[in-house]
Structure formats: structure tokens, C-alpha cells
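Undergrad: fold the following.
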Amino acid sequence: MAYRFANCLLDPDQHRFERDGEAVHLEPQVFDLIRALADAGGTLVTREELIERVWGGLNISDATISVRISAARRAVGDTGKDQSVIETVQRRGFRLKAPVERTEGAREVAAAPTAAASVPTLAVLPFAYAAAGPSDMLADGIVDEITGVLSRVGGFDVIARQSAFALRDESPEIPVAAARLGADYLVEGTVRRAGERVRIGVDMTDAGGRTVWSARFDERIDDLFDLQDRIAMQVAGQLPVRLRSAEIERARGAGPRARSPQYDLVLRAMPHFWAHRGEANVRAVELLREALALAPDYVSALAYLAWALVQKPSYMWSDTPREDRAEALALAHRAAELVGEDPPALVAISAAYSMALTERAPALAFARRALAIDPNNAWGRMRLGWALIYDGKPEEALAEFERARQLSPLDPFTFNMNIGAAVAQSRLDRLDLAIPLLEDTLVNAPGVSWAYRLLASMHARAGNEAAAADALARLVAAYPGLTMKKLLESVPPTIVEFDPGYQAGLRMAGLPEE
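TA: Numbers count the residues shown, from 1 in each chain. Sure, this is the predicted structure:
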């Protein structure tokens with residue numbers, strides 16, 4: 001049986017979709033989503049029914065559903081504004097508005113190739129725990145809280161708790177459990193209790209059983225719910241960083257499973273993107289453009305390309321700062337139209353707005369929107385910190401940078417969190433605190449040479465003439481021919497408009513005007 005509607009043909013037997021007589025390649029989840037709507041024949045399909053039909057009951061975020069609905073609309077020729085084919089019924093679900101005709105399928109046509117999964121899937125297994133009694137549900141409560149928190153993170157799907165707990169009594173080997181659950185990564189753990197003290201071990205493995213991440217937490221059971229929240233927060237802050245590293249390794253060819261090519265290209269871009277080196281950023285931009293060439297509306301590629309492009313002028317790697325900033329803004333605007341509830345993409349949009357606009361509200365709004373979904377997003381805390389600096393609230397910014405470091409102590413962006421904290425301290429006229437922090441950061445991240453512009457300004461304002469001259473010399477060595485004119489054309493507009501002390505310090509240090 002096949003379905004015809006709105007100039008489209010969907011043939012489940014041949015796994016084929018056509019629009020206006022032309023074959024259209026769809027990801028499996030998008031194909032199954034359209035089929036679920038066609039099966040309903042115009043009646044409402046609830047969110048829960050879609051999750052059961054398309055994702056097999058996984059704990060799927062609204063952002064994931066929104067992305068697949070958008071892809072389904074593009075496939076059937078629905079702009080999403082008039083919802084002429086697929087209608088969203090607010091807070092209820094979705095339905096196919098176009099009349100559906102059931103016909104015999106075109107069986108002579110070969111089946112379309114199956115697309116790769118677009119994001120990894122993770123399951124949190126029941127933790128091992130020698131309970132004091134049948135009413136002692138400490139371990140189950142921790143697993144439940146971790147599962148719920150991770151389901152809001154974005155960037156991966158989390159299998160529903162009840163599916164993972166169905167394996168509790170069997171305790172299968174890791175590869176077997178991963179295959180049964182359809183998971184790429186498994187989180188397991190142990191809970192040991194001695195009086196009011198508890199030691200919790202958490203491990204993440206890939207589907208083959210290789211350990212990707214391991215952590216131990218020693219806590220006191222002062223308040224059971226508070227304990228569960230603390231552990232879940234720490235796991236949610238650290239685990240996504242390690243999962244991203246494992247996925248980058250897989251995308252480079254070291255892992256067994258392929259995903260969508262645009263997803264892999266974004267992953268391959270990430271280490272170049274966060275390196276904060278001009279030549280590395282060029283490679284990140286190239287890879288992100290390749291991803292967009294394959295999928296022009298891929299939100300992650302749009303958002304991260306906007307962020308990478310706006311880094312070029314911000315860190316003085318660009319000969320055309322105005323043009324790069326304008327393209328970054330256009331990409332950020334497009335990403336903002338499509339993003340839905342995707343915390344990593346929301347953070348990237350915030351970063352692009354923060355470094356490209358004089359207006360401060362958009363960067364703050366998108367960072368806070370990301371953190372409303374995933375409060376444990378370390379990059380979200382970092383970008384909110386920078387947005388608060390630009391908004392003239394350095395004390396609040398310090399708290400965000402500290403939270404970011406606590407959530408992800410080994411983050412590749414730790415240096416940027418520390419630089420942000422140093423800038424916040426300088427805005428509070430605490431140069432005695434700002435300068436040592438910035439100097440220590442530069443020792444540990446020597447390639448981040450753009451930060452010498454901050455150090456030169458701080459030393460000059462503190463009256464440290466020799467240290468200011470040394471920092472300026474290092475800056476000019478990294479950026480030959482640098483002038484105040486070039487610098488002010490490059491740095492984020494908010495710095496030019498709202499931080500005259502920073503500019504005055506650079507002039508005092510001796511940076512020439514022209």
C-alpha cells in the first residue's frame with residue numbers, strides 16, 4: 001500500500017518518496033514521520049504517538065521533533081508558514097491537512113538507500129547498588145535524575161528510562177545491551193553507601209565496551225533530592241564534552257558507525273573551531289561550509305559557521321572584518337529562524353550575536369533560552385558570561401564563568417572562561433586579580449596570542465609600563481603592523497562602544513593609531 005497526497009507519493013514497501021514525480025531522499029526518521037501522518041489519514045497524531053512510531057519510545061527532545069517536522073515539511077513542499085500540508089496543532093500534535101489517497105505502490109522501483117543516523121543515542125542503565133532495604137531507592141533516583149537532565153542537553157538522543165530499566169534483571173554484556181537498546185553509548189554506575197556518606201562511580205562506554213569517560217563523586221546525604229541534583233548536574237556538565245570527543249574521533253574514521261555526512265563534518269570542524277588560531281579557524285569554516293552544501297538548513301552548521309566567521313574579525317584574523325561580520329549575522333539570523341529547542345545551536349547563535357552586534361539583548365536572550373532548556377550547558381554559561389560583560393554586568397558574569405568551569409573543568413574552552421573572568425575583574429577595577437589570571441591563562445594557552453591586547457591594556461592601566469610594553473610587543477609580533485584603527489575595526493562592536501578604558505590602556509601601552 002502506498003499513499004498519494006499533495007503531489008507526493010510515499011511507498012513504504014519500497015521505502016520510496018516522490019514529489020512531483022521526482023525521487024526525494026529522506027532520512028529514515030523523516031520518512032517514518034511522514035508515514036505516521038499519512039497512516040492517520042488526516043486525524044491528529046499526538047507527540048507521544050509520533051515518538052512511539054518514529055523513535056520506538058525513546059526520550060526525544062522537542063528540538064529533535066521540530067527538526068524532523070521541518071525536514072518533513074520541506075520534503076512535501078510545505079513552507080511551514082501556511083502549513084498547507086503538515087499542520088501543527090498547538091500543545092496537541094500534528095496532522096496531514098492534504099487529502100490522502102491509498103494506492104498500490106510502484107514495486108518496480110528500487111528502494112531508496114537508507115540514510116545514516118543523524119545524532120548518537122545514549123542510554124543510562126540501572127546503577128549497581130547494595131540497597132539497605134526494599135524502600136531504599138537512592139540509586140534509582142540518581143539514574144532517573146541523570147536521564148532526565150541528559151535528555152535536555154541536545155546533540156544526542158536519550159533512550160527512555162523504562163526501556164533501559166527493562167534490562168535490570170538480565171545484566172547483559174555491554175555490546176548486547178547496546179544492540180538491544182539501539183544505543184551508541186551506555187552510561188552505567190555504582191553506588192556505595194556508608195552511613196551518611198556515599199561514593200558514586202559513573203562510566204560511559206561505547207557500544208563495543210570501550211570506556212569513553214569515567215568519574216567518581218564523594219558526597220554526603222544531607223538532602224536526598226539535593227544529592228541527586230548535584231550528581232546529575234556534574235554528570236550533565238562533563239559527559240557531553242567526552243561524548244563529543246568520542247564522536248569527533250569516530251567522525252575522523254576511528255569509530256565503527258557512520259552518521260549523516262553533514263553531522264560528521266560539523267564534528268570534524270569543532271577542534272579547529274575551539275583552537276582559537278587563525279589557520280585552524282579557516283579549516284573550521286571550510287568544513288562547516290561543506291556541511292551546509294549538503295544540507296542548507298542544517299541548524300548546527302548554520303549556527304557554528306556564524307560563530308566561526310565572527311571569530312575572524314573578533315580575533316583579528318580577517319582582512320575584511322565588515323564582510324565577515326555581515327555574513328555571520330545573516331547565518332545567525334537564518335539559524336535563529338530554524339533552531340527550535342537545540343541548546344548547543346542556541347549557544348552558538350548567542351555567541352555570533354554577542355560578537356557581531358552593538359545591541360546586547362539578542363545575545364543575552366539566546367544564551368538564556370539555551371540555559372532554560374539545559375541549565376548545565378557549560379558553553380551556555382560561558383557565552384552568557386561574555387554577554388553580561390558586554391551588558392555592563394561584570395559581577396554577574398563572574399558567577400557564570402565560575403559555574404561554567406565547575407560544570408566542565410576539562411573543557412577545551414576553559415581558557416576562554418578564564419579570559420572572560422579576567423575581563424570581568426578588570427571591568428570591576430580589580431586589576432590585581434585580573435592580571436595574574438590572564439597571565440596564567442596565556443602560559444597554559446600560549447597560542448591564544450590575541451589575548452595579549454587585553455594584557456597590554458591592563459598592565460598599562462595598572463601603571464606597569466615595562467610589562468605593558470612586553471605584552472604589546474608580543475601582540476604586535478603575532479599581528480605585524482597592528483594599529484588602533486585595525487583593532488577597533490575588528491573587535492566586537494560592544495567593546496568599541498562601551499569599553500573606553502580598554503582602548504585607553506592600549507594607547508597608553510603604545511599601540512599606534514594608524
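
Undergrad: CA only for contacts and neighbour counts going forward, please
TA: OK.

Undergrad: V339 versus L302, what's the distance?
TA: 10 Å (Cα to Cα, to the nearest Å).

Undergrad: look at the two and report which has more neighbours.
TA: L302 (30 against 24; other Cα atoms under 10 Å).

Undergrad: was I right to think that one contacts L329?
TA: No - using Cα atoms under 8 Å, L302 makes no contact with L329, being 10.4 Å away.

Undergrad: wait, a helix at G463?
TA: No - according to DSSP: H, G, I helix; E, B strand; the rest coil, the state of G463 is coil, so it is not within a helix.

Undergrad: any chance of the backbone angles for it?
TA: phi 80, psi 10 (degrees, to the nearest 10).

Undergrad: okay, it: pLDDT?
TA: With respect to pLDDT, G463 has a value of 96.

Undergrad: any idea how far L506 is from it?
TA: 12 Å.

Undergrad: quick one, which of these two is more surrounded?
TA: L506 (25 against 13).

Undergrad: ok, that one - contacts?
TA: 453, 456-457, 460 (Cα atoms under 8 Å, 6 or more residues apart in numbering).

Undergrad: change it to 10 Å
TA: 453-461, 468-469, 472, 483-484, 512 (Cα atoms under 10 Å, 6 or more residues apart in numbering).

Undergrad: so of those, which ones are in helices?
TA: 453-461, 468-469, 472, 484 (DSSP state H).

Undergrad: among those residues, which one sits closest to A365?
TA: Within the ones in helices among the contacts of L506, the smallest distance to A365 is 26.6 Å, found for L454 (Cα to Cα).

Undergrad: how about the closest one: what's its closest non-neighbour residue?
TA: Y502 (7.4 Å; Cα to Cα, 6 or more residues apart in numbering).

Undergrad: do Q238 as well
TA: Nearest to Q238 is S408, by Cα to Cα, 6+ apart, at 5.1 Å.

Undergrad: show the pLDDT at that neighbour.
TA: At S408, pLDDT is 84.

Undergrad: same check, this time on V109
TA: At V109, pLDDT is 30.

Undergrad: list the contacts for M355?
TA: Contacts of M355 (Cα under 10 Å, 6+ apart): 307, 310-311, 313-314, 325, 328-329, 363, 386-387, 390, 490-495.

Undergrad: could you rerun that using 6 Å?
TA: P492 (Cα atoms under 6 Å, 6 or more residues apart in numbering).

Undergrad: want to throw the ones in helices among the contacts of L506 into CSV with neighbour count?
TA: What follows is the ones in helices among the contacts of L506, written out as CSV (neighbours: other Cα atoms under 10 Å):
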residue, neighbour count
R453, 24
L454, 23
L455, 29
A456, 32
S457, 27
M458, 31
H459, 26
A460, 24
R461, 21
A468, 27
A469, 20
L472, 24
M484, 16
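
Undergrad: redo those as JSON lines? Include distance to P375.
TA: Shown next, in JSON lines, are the ones in helices among the contacts of L506 (distance: Cα to Cα, whole Å):
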{"residue": "R453", "distance to P375": "32"}
{"residue": "L454", "distance to P375": "30"}
{"residue": "L455", "distance to P375": "32"}
{"residue": "A456", "distance to P375": "35"}
{"residue": "S457", "distance to P375": "34"}
{"residue": "M458", "distance to P375": "33"}
{"residue": "H459", "distance to P375": "36"}
{"residue": "A460", "distance to P375": "38"}
{"residue": "R461", "distance to P375": "36"}
{"residue": "A468", "distance to P375": "39"}
{"residue": "A469", "distance to P375": "42"}
{"residue": "L472", "distance to P375": "38"}
{"residue": "M484", "distance to P375": "39"}
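
Undergrad: of the residues you listed, which is the nearest to E145?
TA: L454 (41.5 Å).

Undergrad: can you give me the domain assignment for this protein?
TA: 2-103, 121-254, 260-375, 384-445, 447-514 (automatic domain parsing).

Undergrad: between the two ends of the last one, how far is it?
TA: Read it as domain 447-514. First residue to last in domain 447-514 (Cα to Cα) measures 26 Å.

Undergrad: picking that back up, and the residue nearest to L454, that's in a strand?
TA: No - assigned with three-state DSSP, Y502 falls outside any strand and is helix.

Undergrad: burial count for it?
TA: By other Cα under 10 Å, neighbour count at Y502 equals 22.

Undergrad: for it, give its distance to S457.
TA: Distance from Y502 to S457, by Cα to Cα: 6 Å.

Undergrad: same question for Q311.
TA: Applying Cα to Cα to Q311 and S457 gives a distance of 21 Å.

Undergrad: what of R193?
TA: Where S457 is concerned, R193 sits at a distance of 52 Å (Cα to Cα).

Undergrad: what ranges does the stretch 151-300 of the chain have for its helices?
TA: 161-165, 174-181, 224-249, 261-274, 278-294, 299-314 (DSSP state H, counting those that start in this stretch).

Undergrad: now those as TSV including mean pLDDT and distance to A215?
TA: Converted to TSV, those look like this (pLDDT from 0 to 100; distance: least, Cα to Cα, whole Å):
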stretch	mean pLDDT	distance to A215
helix 161-165	74	21
helix 174-181	85	18
helix 224-249	82	8
helix 261-274	89	23
helix 278-294	95	31
helix 299-314	96	29
